[in-house]
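Enquirer: Quick check, what structure comes out for this input:
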Amino acid sequence: MKVLVIGSGGREHALVWKIRQSPVVKKIYCAPGNGGIAGMAECVPIEAGDIDGLLAFARSEKIDLTVVGPEDPLSRGIVDIFEAAGLKVFGASRKAAELEASKSFAKDLMMRHGIPTARGETFTSYKKAEAFVRKIGAPVVVKADGLAAGKGVIVCATEKEALEALKTIMVDRAFGDAGSRAVVEECLTGEEASFLAFTDGKTVLPLPSSQDHKPVYDDDKGPNTGGMGAYSPAPVIDRYMHERIMQEIMIPTVRAMAAEGRPYKGVLYAGLMIDRDRIRVLEFNARFGDPEAQPLLMRMKNDIVPVMEAVIEGRLDKCRLDIDDRATVCVVMASGGYPGTYKKGIPISGLESVGRMKDVFVFHAGTRADEKGGIAASGGRVLGVTAIGDTVKEAITRAYKAAAKISWKDAHFRKDIGMKALKRFEAAPRVGIIMGSDSDLGVMEGAVAMLKKFGISYEMTVASAHRSPEKAVAFAGGARARGMQVIIAGAGHAAHLAGVLAAHTTLPVIGVPIDSSCLQGMDALLSTVQMPPGIPVATVSIGKPGARNAGILAAQMIALSDPGVAALLEAFKADMAREVDAKSEKLAKFV
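Expert: Coordinates of the predicted model:
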């Protein structure tokens with residue numbers, strides 16, 4: 001098989017690296033490629049935006065599969081043109097790629113189909129946009145509607161900054177035609193994460209979670225860039241949040257695009273803001289992220305070519321992804337001055353030394369071969385030093401050890417890639433959730449939902465009071481030393497898991513009777529409440545409502561010494577009251 005990869009960045013190097021591992025691929029071309037890609041594929045001097053030239057090349061070389069990396073050719077319909085010529089191509093169609101190419105289209109689609117996102121409006125008039133900013137106040141986010149190489153999003157802390165951003169985009173046209181329209185929306189708070197998935201327009205096959213780092217300096221300071229590093233997995237997206245993202249965002253978006261006559265095939269990228277239990281879409285991209293592609297493809301163990309072919313042919317439901325359990329981290333090394341002006345042609349040293357390191361690979365972005373046969377910097381983002389490790393911490397250490405070996409004049413990189421993950425992994429769980437069987441997970445996620453709402457860290461595990469009592473006892477006995485303040489235990493079939501735990505800890509234990517037997521949970525309820533004097537267990541209702549109440553009760557216990565949680569509980573109570581009032585008013589209209 002002959003494969004053509006279109007593009008010249010770190011994402012395309014990662015794609016070439018991954019495709020090269022396929023036993024069915026005999027030859028890879030990359031147009032135009034870069035200095036690192038040249039060692040793996042034959043680079044062709046055709047720019048990614050030269051669709052006619054790319055089509056002519058694909059025809060003449062009888063290319064079996066074309067993989068489109070960057071957003072610009074996708075937005076200009078390269079997939080439609082190649083398909084019309086009878087060529088197999090992986091990527092989103094022009095109509096589908098509008099999800100990225102037009103922020104106003106994406107915003108309208110999400111609003112129409114109930115996909116959670118920030119409130120905002122689209123403007124073609126600077127004066128009207130200015131009036132809107134003055135009306136809603138700061139902070140706000142101002143976005144160029146079209147493609148701006150990842151730099152057309154400006155977070156504004158004050159009205160003055162917002163008006164300057166509007167002028168930059170709509171009047172000065174710093175991003176060209178991308179600024180003919182601007183989107184002004186509320187500024188969301190929380191932690192950002194990236195969620196990517198393959199889709200054939202029907203089936204959605206998710207990749208692991210990841211997190212990009214857009215601002216140029218440590219601690220998310222400075223202007224936005226195309227991305228200064230990424231890691232996977234992102235612990236802000238745990239199993240519970242992963243499922244919610246699939247059910248509330250990814251699957252509904254694919255269905256919405258299909259319903260509007262824009263079937264989406266390719267990679268769908270959702271940039272998300274996560275704040276406790278709230279998930280909202282910041283943006284969609286119609287392709288692999290850069291630098292997210294580097295750590296994600298390093299974790300993907302199976303052959304990517306059959307997956308791409310299944311996407312093209314509409315049979316993705318037959319595919320599964322085999323993901324490495326280890327973590328990956330990519331540190332982007334950039335030219336001095338980036339994201340502003342920078343010099344090109346500066347020789348890079350140390351690549352050979354890093355090439356000998358185990359579990360490290362350097363993906364090239366802005367590089368070219370120099371006159372002496374070496375590699376020189378030729379772009380803003382130059383290298384993506386990517387490492388894999390048993391933990392995020394190990395991968396971070398390995399990536400930075402490798403980056404320290406590479407140098408060129410005025411090179412710079414962030415020193416805190418992955419630190420948000422470490423903080424989450426190292427935070428002590430305040431609540432322990434334990435269940436007798438993994439089949440109880442669907443019920444116990446009711447407790448997780450409430451803990452998320454109140455920003456309470458938790459740990460979840462499986463241990464049986466009867467089949468693995470030693471594990472249950474060890475969990476209870478060590479809970480306080482590990483920082484836990486409350487234990488929530490769920491079990492069915494009269495299993496006395498909560499009682500076993502309560503006998504081996506002085507922490508409060510909340511029992512959740514699970515309705516898993518023919519007695520519909522009454523056996524579990526009676527088993528839980530029948531405790532001997534001196535061994536109390538708090539008991540809530542049966543099943544998922546019980547798990548939800550257990551989460552709230554745990555929050556109330558923690559709130560006794562945590563004013564932050566107490567304030568969130570007050571707000572929660574007020575929200576419930578407003579919901580009841582709204583339902584009452586709605587009912588009154590029909591009486």
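
Enquirer: residues of the helix or strand harbouring residue 193 that come out buried?
Expert: Secondary structure assignment for residue 193, by DSSP states H and E: strand 191-199. Along strand 191-199, the positions that meet the burial threshold by neighbour count (16 or more other CB atoms under 10 Å) are 191-199. Where you see a C-beta, it was placed from the backbone N, CA and C, and this is true even at glycine.

Enquirer: Just the pLDDT for the closest residue to residue 545 other than its chain neighbours.
Expert: Sequence neighbours aside, residue 446 is the residue nearest to residue 545 in space, at 7.1 Å (criterion: CB to CB, 6 or more residues apart in numbering). Note on residue 446: pLDDT of 96.

Enquirer: which residues sit in contact with residue 446?
Expert: Under the criterion of CB atoms under 8 Å, 6 or more residues apart in numbering, the contact partners of residue 446 comprise 544-548, 550-551.

Enquirer: ok, so what distance separates it from residue 554?
Expert: Using CB to CB, to the nearest Å, one gets 12 Å for the distance from residue 446 to residue 554.

Enquirer: With residue 71 instead?
Expert: Taking CB to CB as the criterion, residue 71 is separated from residue 554 by 45 Å.

Enquirer: okay, those two: which has more neighbours?
Expert: More neighbours sit around residue 554 than around the other of residue 71 and residue 554, counting by other CB atoms under 10 Å; the figures are 28 against 23.

Enquirer: would the more buried one count as being in a strand?
Expert: No. Inclusion of residue 554 in a strand is not indicated when DSSP: H, G, I helix; E, B strand; the rest coil is applied; the result is helix.

Enquirer: I'd say it and residue 448 touch.
Expert: No. Under the criterion of CB atoms under 8 Å, residue 554 is not in contact with residue 448, lying 11.0 Å apart.

Enquirer: that older thread, show me which residues of the next helix or strand after the strand holding residue 193 are buried.
Expert: Counting by DSSP H and E, the next helix or strand C-terminal to strand 191-199 is strand 204-206. The neighbour-count check on strand 204-206 (16+ other CB under 10 Å) flags 204-206 as buried.

Enquirer: Repeat that for stretch 277-290.
Expert: Using 16+ other CB under 10 Å as the test for burial, stretch 277-290 gives 277, 279-290.

Enquirer: Tell me how far the closest residue to residue 173 other than its chain neighbours lies from residue 238.
Expert: Closest residue to residue 173 apart from its sequence neighbours, by CB to CB, 6+ apart: residue 179 at 5.2 Å. Residue 179 sits at a distance of 38 Å from residue 238 (criterion: CB to CB).

Enquirer: Show me which of those two is the more surrounded one.
Expert: For residue 179 and residue 238, the more surrounded residue by other CB under 10 Å is residue 179, and the numbers stand at 21 against 16.

Enquirer: Output the lowest mean pLDDT helix or strand found in the chain.
Expert: Among the helical and strand segments of the chain, the one scoring lowest on mean pLDDT, DSSP states H and E is helix 522-529, with a mean of 86.

Enquirer: Now find how far off-centre that helix is within its chain.
Expert: For helix 522-529, the separation from the chain centroid amounts to 41 Å (computed by CA atoms, centre = their mean, to the nearest Å).

Enquirer: Stretch 264-277 now?
Expert: What separates the centre of stretch 264-277 from the centre of its chain is 6 Å, taken as CA atoms, centre = their mean.

Enquirer: can you pull the contacts of the residue nearest the centre of the chain?
Expert: Averaging the C-alpha coordinates of the chain gives a centre point, and the residue nearest to it by CA atoms, centre = their mean is residue 194 (2.0 Å). Residue 194 makes contact with 209-212, 230, 234, 269-272, 289, 292 under the criterion CB under 8 Å, 6+ apart.

Enquirer: Pull out the buried members of those.
Expert: Applying 16+ other CB under 10 Å to those, the neighbour count classes 209-212, 230, 234, 269-272, 289, 292 as buried.

Enquirer: With secondary structure, distance to residue 540 and pLDDT as extra columns, can I get these in JSON lines?
Expert: What follows is the buried ones among the contacts of residue 194, written out as JSON lines (DSSP: H, G, I helix; E, B strand; the rest coil; distance: CB to CB, whole Å; pLDDT from 0 to 100):
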{"residue": "209", "secondary structure": "coil", "distance to residue 540": "31", "pLDDT": "97"}
{"residue": "210", "secondary structure": "strand", "distance to residue 540": "37", "pLDDT": "98"}
{"residue": "211", "secondary structure": "strand", "distance to residue 540": "35", "pLDDT": "97"}
{"residue": "212", "secondary structure": "strand", "distance to residue 540": "40", "pLDDT": "96"}
{"residue": "230", "secondary structure": "strand", "distance to residue 540": "41", "pLDDT": "98"}
{"residue": "234", "secondary structure": "coil", "distance to residue 540": "32", "pLDDT": "97"}
{"residue": "269", "secondary structure": "strand", "distance to residue 540": "40", "pLDDT": "98"}
{"residue": "270", "secondary structure": "strand", "distance to residue 540": "35", "pLDDT": "98"}
{"residue": "271", "secondary structure": "strand", "distance to residue 540": "37", "pLDDT": "96"}
{"residue": "272", "secondary structure": "strand", "distance to residue 540": "32", "pLDDT": "97"}
{"residue": "289", "secondary structure": "coil", "distance to residue 540": "42", "pLDDT": "96"}
{"residue": "292", "secondary structure": "coil", "distance to residue 540": "41", "pLDDT": "98"}
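
Enquirer: returning to what we had before: show me what the least confident helix or strand of the chain is packed up against.
Expert: Counting by 3 or more CB pairs under 8 Å, 6 or more residues apart in numbering; DSSP states H and E, the packing neighbours recorded for helix 522-529 are helix 497-502, strand 509-513, strand 538-539.

Enquirer: Let me know which of these is tucked in deepest.
Expert: Per-stretch averages of neighbours, counted by mean count of other CB atoms under 10 Å, single out strand 509-513 among the helices and strands packed on helix 522-529, with a mean of 30.

Enquirer: Which secondary structure elements does it sit against?
Expert: Helices and strands touching strand 509-513, as assessed by 3+ CB pairs under 8 Å, 6+ apart, comprise helix 441-453, strand 486-491, helix 497-502, helix 522-529, strand 538-539, helix 543-559.

Enquirer: Go through those and pick out the most buried.
Expert: With neighbours defined by mean count of other CB under 10 Å, none of those is more surrounded on average than strand 486-491, at a mean of 28.

Enquirer: so that one versus helix 543-559, what angle?
Expert: 170 degrees (axes from the mean of the first three to the mean of the last three CA atoms, to 10 degrees).

Enquirer: what's next to strand 486-491, contact-wise?
Expert: Among residues not part of strand 486-491, those counted as contacts by CB under 8 Å, 6+ apart are 430-437, 440, 443-444, 447, 464-465, 476, 479, 497-498, 501, 505, 507-514, 524, 528, 547, 550-551, 554, 557-558.

Enquirer: Okay, now the sheet partners of that strand, with direction.
Expert: Strand pairing for strand 486-491, determined by DSSP bridges: strand 431-435 (parallel), strand 509-513 (parallel).
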